[in-house]
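Peer 1: coords please:
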Amino acid sequence: KTMLGRVLRMTLVVLGVAMTDAFSPCLAGARCDLSRPALRSGICKVSQWRGLGAGRTGAALRMMAGGEEGSEGEKAAAKVRIVAAVCERDGKVLMVERTRRSRGFWEFPGGKIEEGETDEAALIRELGEELSVTGTVGEKVAVGRDGPVELTSYSVEIEGEVKPHDSDSLAVRWVDMEEELWKLAVPPADAETTRALLKKLSKA
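Peer 2: Numbering: from 1, shown residues only. Below you'll find the predicted structure:
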């Protein structure tokens, strides 16, 4: 009995560690794509969302998993609106890599819209805070969605030298749209903007 009890206890410990490892990114505030099939198979696919905290993630997960619907406040909190800048120059487009949160994925610079901000104001603020530039916001390029995240991208003519405020956590790169853009790994919400640029390039 003693040996059987030890085996059972060890099994529970191992299972507990495995579950903690699988869902620890969710607890840290990462975005987990938990579709119902994924929940049934125990798979947790993780990708980072700009500015999405753990509280918002928890509410979003409950609704996406098909469990409790949550309050109206939770439903509103689960929707995260993002703006992104499409800055073109000499056949290249500016992209950033958030090396501490989503290394290996390149995205269009931008961030979360704060309460009371317009898309244009949020975009100019984010460009200034992250890249030390200002600019003129032009036409809408695309709208991409990934779960509760909605990313709207705009064409932006930037002014000034691109210089990340925190070069330890943000890398910048001018990506050749014809030779490199199609093969870059991008977050799901940014993919629609990439497709729009490639489509425009094919018609040129």
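Peer 1: what lines up beside the strand ranked longest in the chain in the sheet?
Peer 2: Identified as the longest strand of the chain according to DSSP state E is strand 134-146. The pairing partners recorded for strand 134-146 under DSSP bridges are strand 149-159 (antiparallel).
Peer 1: How about Pro164: what's its closest non-neighbour residue?
Peer 2: With sequence-adjacent residues excluded and distances taken as C-beta to C-beta, 6 or more residues apart in numbering, Pro164 is closest to Leu170, at 4.3 Å. Quick note: C-beta positions are derived from backbone N, CA and C, even for glycine.
Peer 1: from what I can see the one you found touches Thr99, true?
Peer 2: Yes. Between Leu170 and Thr99 there is a contact under C-beta atoms under 8 Å: 7.0 Å.
Peer 1: Any regions of the protein where pLDDT drops low?
Peer 2: 1-78 (pLDDT under 70).
Peer 1: one step back: which one's more surrounded, Leu170 and Thr99?
Peer 2: When neighbours are counted by other C-beta atoms under 10 Å, Leu170 and Thr99 differ, and Leu170 comes out ahead with 17 against 14.
Peer 1: ok, the more buried one - contacts?
Peer 2: Val96, Glu97, Arg98, Thr99, Glu130, Pro164 (C-beta atoms under 8 Å, 6 or more residues apart in numbering).
Peer 1: Which members of the residues you listed are the farthest-apart pair?
Peer 2: Thr99 and Glu130 (13.0 Å; C-beta to C-beta).
Peer 1: Mind giving me the ChimeraX command for buried ones among the contacts of Leu170?
Peer 2: Listed next is the ChimeraX selection for buried residues among the contacts of Leu170, using 16 or more other C-beta atoms under 10 Å:
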select :96,97,98,130
